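# No sequence on hand, only this structure:
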């Protein structure tokens, strides 16, 4: 069938989807930075109760915002809830439309949907190279011009797990023009251990900064798609106005409320991540493999020119990791932190192959 499509849409790249295998027994899923543990019993109890109300349109966003406000010491009006971070990204592009400013700055290697959404909404993209596999805020600032409208920062950075530090962010944000929005995607912030991780919340009152967080990673709700944005109340309200009605389903909202209150489960997840990080560092060193120290729940491993082949061979052994060619690292794989027995099996199979 012949159908006319504009080049701006035709040239949009596909989002690089992970291999969605491994739901059956015997698979080790370490390709998508997922939480290896299911949510707590409190979440399941909440979901079961909510099933009897699915004939009604979802409510509860106000309550979730109030819970988040209590968690962060802010007000409910400082939050907007999204159907995953992807909806928040799209809301940002819709809300920030401007007659003369149409530029977006991202780093060369980061979450692919920033670029995809920017192209969908007609923005022009600039990509800034990393320095030592980390976001270079001096380089980012150097790319700002009269057309720049939004800057997307990913901290910790996916796929490297690196961070920029608090002093660097303070210098950077003070140099950003007031009409340029800085979106800081902190999807993996709960896993960060560095004492120099930026306290981004302290900037939302005085600077055009929005912070994205998610329930997909540390809270284990990836399948329910709940993200949230934190910012100045007026700035957040602009995003809220562009949001689709009822975009977050009832079960997802109530599950997020329950997950946020289950501090014991979050501690277990973060403890597992710390142990997994130490395990991989020791095991990769012993195997003679180079890795990038990570502040997230994954590690980037340099394999060499056989990285893609080894990814396929691990798949044949029912071990899923992510080949990083689409992120600009054709010699690397990314391994998400799993349960101890999953991490052990991954390394055992990897050592056989190398």
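Nice, I can see it. Being a predicted model, the structure only gives us computed values, none of them experimental.
# Going by C-alpha atoms from here, please, whenever you check contacts or count neighbours.
Fine.
# Span of stretch 220-233 from start to end?
In stretch 220-233, first residue to last residue: 28 Å (Cα to Cα, to the nearest Å).
# Then stretch 242-252?
Stretch 242-252 end-to-end distance (Cα to Cα) = 20 Å.
# likewise stretch 231-251?
25 Å.
# and what of stretch 203-217?
24 Å.
# could we number from 42 for the rest of this?
Understood, numbering begins at 42; the last thing we discussed is stretch 244-258.
# Check which residues of that stretch are buried.
244-245, 248-258 (16 or more other Cα atoms under 10 Å).
# model confidence over that stretch, on average?
Average pLDDT, stretch 244-258: 96.
# Repeat that for stretch 70-82.
Here the average pLDDT along stretch 70-82 is 92.
# repeat for stretch 375-391
97.
# okay, now the domains of the chain?
For the chain, the structural domains run 58-79+305-394, 82-302, going by automatic domain parsing.
# Out of the buried residues of stretch 244-258, which comes closest to residue 91?
residue 256 (18.3 Å; Cα to Cα).
# rewinding a little: which one, of the domains of the chain, ends up nearest to residue 45?
Of all the domains of the chain, the one in closest proximity to residue 45, counting by Cα to Cα, is domain 82-302 (16.2 Å).
# Quick one: residues in contact with stretch 240-256.
125-126, 129, 207, 214, 219-230, 262-263, 266-273, 276-277, 297 (Cα atoms under 8 Å, 6 or more residues apart in numbering).
# how about the strands in this structure?
69-70, 120-123, 144-148, 165-169, 189-195, 222-226, 250-255, 268-272, 331-333, 339-343, 360-361, 363-364, 373-377 (DSSP state E).
# Mind listing residues that contact the second one?
Counting by Cα under 8 Å, 6+ apart, strand 120-123 makes contact with 102, 106, 109-110, 129, 267-272, 274, 277-278, 280-281, 288-289, all of which sit outside it.
# likewise the third one?
Where contact means Cα under 8 Å, 6+ apart, the residues beyond strand 144-148 that reach it are 155-156, 159, 164-171, 176, 181, 184-185, 188-194.
# how much space is there between the nearest residue to residue 139 once chain neighbours are set aside and residue 253?
Leaving aside its chain neighbours, residue 139 sits nearest to residue 190 (7.8 Å; criterion: Cα to Cα, 6 or more residues apart in numbering). As judged by Cα to Cα, residue 190 and residue 253 stand 17 Å apart.
# What of residue 370?
25 Å.
# Using CSV, please lay out the domains of the chain together with distance to residue 51.
Output for the domains of the chain, formatted as CSV (distance: least, Cα to Cα, whole Å):
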stretch, distance to residue 51
domain 58-79+305-394, 18
domain 82-302, 10
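# Nearest residue to residue 274 in space, please, no chain neighbours.
Counting by Cα to Cα, 6+ apart, residue 119 is the residue found nearest to residue 274 once chain neighbours are left out, at 4.7 Å.
# Who are the contact partners of the one you found?
So residue 119 contacts 110, 271, 272, 273, 274, 277 (Cα under 8 Å, 6+ apart).
# Select from these the one having the most neighbours.
residue 271 (29 neighbours; other Cα atoms under 10 Å).
# For this protein, which segments count as helices?
48-51, 82-91, 102-113, 125-136, 154-161, 178-183, 207-216, 274-282, 291-302, 304-327, 348-357, 381-394 (DSSP state H).
# okay if I get those as TSV plus distance to residue 70?
Below are the helices of the chain laid out as TSV (distance: least, Cα to Cα, whole Å):
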stretch	distance to residue 70
helix 48-51	32
helix 82-91	22
helix 102-113	30
helix 125-136	21
helix 154-161	22
helix 178-183	33
helix 207-216	33
helix 274-282	34
helix 291-302	22
helix 304-327	14
helix 348-357	10
helix 381-394	8
